[in-house]
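Undergrad: kindly return the folded structure for what I paste below:
(2 chains)
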Amino acid sequence: MTGVEQLGDRPELLAVEGLTKAYPGVVANSDVSFTVAEGEIHALLGENGAGKSTLVKTIYGLVRPDSGQMRMSGAPFAPAEPRAARAAGVAMVFQHFSLFEALTVAENVALGMERPPPQRALSARIRDVSEAYGLPLDPARLVGDLSAGERQRVEIIRCLLQEPRLLIMDEPTSVLTPQEVGILFATLRKLSAEGTAILYISHKLEEIRALCDSATILRRGKVVATCTPREKTARDLAELMVGETLTPPARPAPAEWEGPPALEVSGLTVASPMPFGTSLKGIGFTVKRGEVLGIAGVAGNGQDELLLALSGELRSAPEMVRAAGHPVGQEGPNERRRRGFVSAPEERLGHAAAPAMSLVENALLSGAIRRGLVRRGFVDWRRTRAFAAEVVQDYDVRTPGTHVAARALSGGNLQKFVIGRELSQQPAVIVVNQPTWGVDAAAAAAIRQVLLDRAAEGAAVVVISQDLDELLEIADRFAALNEGRLSAPRPVQGLTVEEIGLMMGGAHGMHAAAGDAGEHLHAQA
Amino acid sequence: MLRLERRPTPSRLWTAATPVLAVIATMIAGGLLFALLGKPPVEAIRTIFWDPLFGQYASYSRPQLLVKAGPLILIAIGLSLGFRAQVWNIGAEGQYIMGALFGAAVGLAAYPADSVLLLPAMAVAGACGGFLWAMIPAILKTRFNTNEILVSLMLVYVAQHMMSAASFGLLRNPEGMGFPGSRNFQQYPAAFNGELIPGTGMHWGVVAAFCAVIGAYVLLSRHILGFQIRVAGEAPRAARFAGVSPALLTSVCLGISGALAGLAGLFEVTGPAGQITTDFASGYGFTAIIVAFLGRLNPFGILLAGLLMALTYIGGELAQLMLNLPAAAIQAFQGMLLFFLLAFDVLANFRLRLAKGARA
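TA: Below is the predicted model of the structure:
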């Protein structure tokens, strides 16, 4: 390993040597070694399931390794629990926030501290730290009223109050707009300049190239490379991460289709059925046959509700949604399926699939209507089994058979099954939310390709995603959801990242800590 | 330290084995209970499980098995459909009473009719009575989001009062010298639900229970409604994704269970019970909840569980008689059965692991 050379003149902070952790059926980490210097921004790069999370959970004391050791500033470091890790100067910002929505910012911060100071002193400190790092935050506000970006700030400030020597950030930008990402990076650089090391976990290559001093790349639990990301192209990094050559999806020549738009949405206003959900406000767009509309947005800005309103699970006034000219807003999911709608919600287990039911039963779940699996109310199990087997075969779902429960499949495999089930129904309108979330790069490319193929066959496709690169790759037109409102769709060609960021709602009142935060983060690979 | 680990797929072996284990554990714990009460444990267990079928008085007690199991199975089948969809009808006892009242009222209104259509008409009325009584919690739940557990349970007590009001007033036997209670159906041949095959206890209610078992099996394994019931219980959001209307499904489940409970009540009042009286309600509606879970909400499981439960009833009575066991001890014994079943149930979905102190 070349770790020592990269340290340069900065002293070593964390050293990981030969870490191995196995779970039943899978080795999450196998002989992983790397070092992080003081003040270094170090990337852990890898696909979903490469072992990044297990590795940082080990460092944070949430997982005990089977073998291997760690050192902090030369002293042996084996935290038995997060408290021990925190005492050694390790802080972590999780991908999923652990905040109480009904409490204020200051109360939430106090809950994470061993000995919280009085509320007034704490509020003052929160204000000081947040101003110093360009992350303004009102300690008295309720967390339930904050945006995802602001909630992340609460988590970061909670960590900064511990004055950590090593800050671990797990996929921090998945909930941020490009402008907010710029500000976060400025904050992280300031921390780094002050000597705090940062372990930055991501699979977003351009971010890592823009931010990180060095990178450790994991694949299937093993370290496959250590490098300086600035010296590599995004494509090099991707191939190291995936271990194979990637081909971008091919776009067949667009065809012209006759008739009214396949999907027309106008003035769609519905209340969210979920507590703390986002209501949709006056959403309007049209999608022609053969067209792909990409809808971006920071998580929690109405993506789930939009999918429900389009799938029919959430009903609206009839004229708000039209399919090939017919008002369908009042129709339920099965009536819309008869018209050719298919949809794939973001949450796979529990929404798109019933966890304890077999793949055969899950094939029936949404395939009953369009695949003719039910006759006079009775299920044709033979045809249903054949349908499930067809999806498993065509979409390369890795499973011992179609009889296994959906929850026994890995996230990526289940996603392939769900997407395959919907796209095998000769759809006229396809609505998918986060179609490639948690799927490995090769499978993600395959899913995008099928979406484009279906579009080429005349389907109207709506892709809701938080992955901007994905949207820019496959969409014809682009719009963004922000607090339940949709920006006017624009052609993808000629769109700049700044424009996209503004469509997504800009930076919610943040300002950069120092230096230029507005730099280009998402150069298209 | 022992640790529970979720199985990726529920174990079929354990799903089948847990009821047997539960019965064995109940026998052991029950034997201990009886021993502590100063009764001979082995003899008590034998009196409960063996004597009703093969003992000295078996010729009397054996037909009772079907008489008691019939209504339990019929009600439990209906309840199991709702329980699978997470619709908690706890008030089957009330629907059972209302079924008996409605059906008996039709028969008594036609007195002294002599038509082969009378009993079927009464059966329809009985099913309607239970159905309508179950529609009250259904409508309140779907309209106002009330809790069906509380509403259906409260309605049991309302039904009990209506039952005693009817036996003192509206349905009282005009030739009954002023005693409470309706005419006895045993003296009303067209409306009497007698033993079909002498010496077996088989009456129309038992036939209906067997039909319900088969019907429920077909519904759950072959019909789309059964599939929707299963999905709704398993993953409510997935059910909505599949186009299931939660309100409609709630009403259907409550309606079916109400109708079957009503039918059970009608067959009971016209057969084994014989008349509407103040003490007609005997707790079948509540015991059927245990039967439904003991049978793992599976139709054939419920068939066996209903027979087993009926056996403990008859055996329990026998044990009270022969060994002077207190009635409360028998009830505790039946409670143990449900307790052990639910406790062992964990093994179907989880496996036991010896943990080495590490956390995942």
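Undergrad: quick one: contacts for the closest residue to A:R407 other than its chain neighbours?
TA: Leaving out its chain neighbours, the residue that sits closest to A:R407 by C-beta to C-beta, 6 or more residues apart in numbering or on different chains is A:P355, at 3.9 Å. For glycine as for every other residue, the C-beta is placed from the backbone atoms N, C-alpha and C. By C-beta atoms under 8 Å, 6 or more residues apart in numbering or on different chains, A:P355 lies in contact with A:349, A:405-407, B:234-235.
Undergrad: what's the spacing between A:P355 and A:V404?
TA: Distance, A:P355 to A:V404, using C-beta to C-beta, to the nearest Å: 12 Å.
Undergrad: over to A:T216?
TA: 35 Å.
Undergrad: more crowded one of the two?
TA: Per other C-beta atoms under 10 Å in any protein chain shown, whichever of A:T216 and A:V404 has more neighbours is A:T216, with 26 against 15.
Undergrad: do you know the pLDDT at whichever residue of the stretch 151-300 of chain B sits closest to chain A?
TA: Proximity of the stretch 151-300 of chain B to chain A (C-beta to the nearest C-beta) peaks at B:G243, 3.5 Å away. pLDDT for B:G243: 92.
Undergrad: run a quick neighbour tally on the residue in the stretch 51-200 of chain A positioned nearest to chain B.
TA: Here the stretch 51-200 of chain A gets closest to chain B at one residue, A:R64, 4.9 Å apart by C-beta to the nearest C-beta. Per other C-beta under 10 Å, the neighbour tally for A:R64 reads 17.
Undergrad: kindly report the same for the one 4 residues further on.
TA: Counted with other C-beta under 10 Å, the neighbours of A:G68 add up to 18.
Undergrad: can you check A:A28 too?
TA: Going by other C-beta under 10 Å, the residues that sit close to A:A28 add up to 25.
Undergrad: I'd like the next helix or strand past the helix or strand harbouring it.
TA: Using DSSP states H and E, A:A28 falls within strand A:26-37. Using DSSP H and E, the helix or strand that follows strand A:26-37 towards the C-terminus is strand A:41-45.
Undergrad: now for whatever helix or strand comes next after that following strand, which elements pack on it?
TA: Once strand A:41-45 ends, the next helix or strand along the chain (criterion: DSSP H and E) is helix A:52-59. Applying 3 or more C-beta pairs under 8 Å, 6 or more residues apart in numbering or on different chains; DSSP states H and E, one finds that helix A:52-59 makes contact with strand A:12-23, strand A:26-37, strand A:41-45, strand A:166-170, strand A:197-202.
Undergrad: 7 Å instead?
TA: Secondary-structure packing of helix A:52-59 (3 or more C-beta pairs under 7 Å, 6 or more residues apart in numbering or on different chains; DSSP states H and E): strand A:12-23, strand A:26-37, strand A:166-170, strand A:197-202.
Undergrad: chain B is nearest to which of those strands?
TA: Smallest distance to chain B across the helices and strands packed on helix A:52-59 (C-beta to the nearest C-beta): 6.8 Å, for strand A:12-23.
Undergrad: related to what we said a few turns ago, quick one, the strand holding A:A28 and strand A:41-45 angle?
TA: Here strand A:26-37 points in a direction 160 degrees away from that of strand A:41-45 (axes from the mean of the first three to the mean of the last three C-alpha atoms, to 10 degrees).
Undergrad: touching strand A:26-37 from outside, list them.
TA: A:1, A:3, A:7, A:10-22, A:42, A:51, A:54-55, A:166, A:197, A:199, A:216, A:221-223, A:226 (C-beta atoms under 7 Å, 6 or more residues apart in numbering or on different chains).
Undergrad: can you list the strands that that strand pairs with?
TA: strand A:12-23 (antiparallel) (DSSP bridges).
Undergrad: and the strand it pairs with, how far out from the chain middle?
TA: How far strand A:12-23 lies from its chain's middle: 26 Å, per C-alpha atoms, centre = their mean, to the nearest Å.
Undergrad: pLDDT (mean, whole number) over that strand?
TA: Mean predicted confidence for strand A:12-23 is 89.
Undergrad: what parts of chain A come near chain B?
TA: Residues of chain A lying near chain B by C-beta under 7 Å from any C-beta of the partner chain: A:23, A:64, A:313, A:332-334, A:345, A:350-357, A:364-366, A:368, A:374, A:377-379, A:404-405, A:407-408.
Undergrad: any of these buried? List them.
TA: Neighbour counting with 16 or more other C-beta atoms under 10 Å in any protein chain shown marks A:64, A:313, A:332-334, A:345, A:350-357, A:364-366, A:368, A:374, A:379, A:405, A:407-408 as buried within the residues of chain A next to chain B.
Undergrad: so which of those belong to helices?
TA: Among these, the members falling in helices are A:333-334, A:364-366 (criterion: DSSP state H).
Undergrad: mind putting those residues into TSV with pLDDT?
TA: Formatted as TSV, those follow (pLDDT from 0 to 100):
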residue	pLDDT
A:P333	94
A:N334	94
A:L364	96
A:L365	94
A:S366	93
